[in-house]
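Q: Sequence plus predicted model, see below.
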Amino acid sequence: MKNILAILIFLLIASASAASAQAVTKSKIIGKWRATAMEADGKTFSISSEASITQFFLSADKKKMSHEDSTLMKEMGKMIYGMVGDVRFEFKANDSLHATIGITMDGKKKTETETMHYSVADGKLTMDMAEDKKEIVEIQMPDAHTMALVNFSAAKGGKLIFSKQ
């Protein structure tokens with residue numbers, strides 16, 4: 001009897017958690033979004049600054065890390081921040097997406113904006129990139145102000161997490 005009760009409680013909690021996740025529709029993603037975090041290997045870290053990214057890499061296993069390793073981790077933090085530290089999307093009701101990416105290379109920031117067509121279906125976002133290239137990613141929305149793009153190319157197999165602006 002206790003096992004059945006435990007299973008019922010588990011199922012209730014699991015179904016409540018599933019129901020709390022937002023079903024993704026076009027109307028829910030319309031607006032301005034900014035990349036604020038990444039998730040890799042089950043760990044989430046802020047991408048709001050080069051220091052926060054570097055801290056994530058340095059916290060991995062300090063005891064086993066040599067000076068060369070820590071220097072490499074600092075360079076990785078700098079490189080990742082340069083690639084994803086300023087990613088903004090604006091989804092419009094007319095199916096256009098304005099993607100703005102601020103890339104920092106050699107201390108110089110370059111901002112590029114691209115407009116493309118997008119669609120949302122079955123929890124997937126399809127972005128029509130240049131010359132017949134499409135990127136299709138899973139969208140997760142734990143709430144109305146948070147969106148995660150799963151396996152987005154910029155996240156290299158992890159999640160790129162956006163906050164609604």
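A: Good, I have the coordinates.

Q: following the lowest-mean-pLDDT helix or strand in the chain, which helix or strand shows up next?
A: Confidence across the helices and strands of the chain bottoms out at helix 2-20, with a mean of 35, counting by mean pLDDT, DSSP states H and E. Secondary structure here is assigned by DSSP states H and E; on that basis, the next helix or strand after helix 2-20 toward the C-terminus is helix 26-29.

Q: Tabulate the CA atom coordinates of that following helix in CSV.
A: What follows is helix 26-29 as a C-alpha-only set of coordinates in CSV (Å, rounded to 0.1, in the frame of the first residue of the first chain):
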residue,chain,number,x,y,z
LYS,A,26,4.7,31.5,-31.8
SER,A,27,2.7,34.0,-29.7
LYS,A,28,4.8,33.1,-26.6
ILE,A,29,8.1,33.9,-28.2
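
Q: can you pull the buried residues of the helix or strand that comes right after it?
A: Where DSSP H and E defines the elements, the next helix or strand beyond helix 26-29 is strand 31-40. Within strand 31-40, the residues scored as buried using 16 or more other Cβ atoms under 10 Å are 31, 33-35, 37-38. The way it works is simple: take the backbone N, C-alpha and C, and place the C-beta from them, glycine included.

Q: Which elements pack onto strand 31-40?
A: strand 43-46, helix 67-84, strand 86-91, strand 159-164 (3 or more Cβ pairs under 8 Å, 6 or more residues apart in numbering; DSSP states H and E).

Q: Tell me the neighbouring strands of the lengthiest strand in the chain, and mark each as parallel or antiparallel.
A: What stands out as the longest strand in the chain, according to DSSP state E, is strand 108-121. Each strand pairing with strand 108-121, determined using DSSP bridges, is listed with its direction: strand 96-105 (antiparallel), strand 124-128 (antiparallel).

Q: Output these in CSV, with mean neighbour count appended to each entry.
A: Written out in CSV, the entries for those read as follows (neighbours: other Cβ atoms under 10 Å):
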stretch, mean neighbour count
strand 96-105, 15
strand 124-128, 17
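
Q: Between its first and last residues, what's the separation in stretch 27-34?
A: Stretch 27-34 has an end-to-end distance of 17 Å (criterion: Cα to Cα, to the nearest Å).
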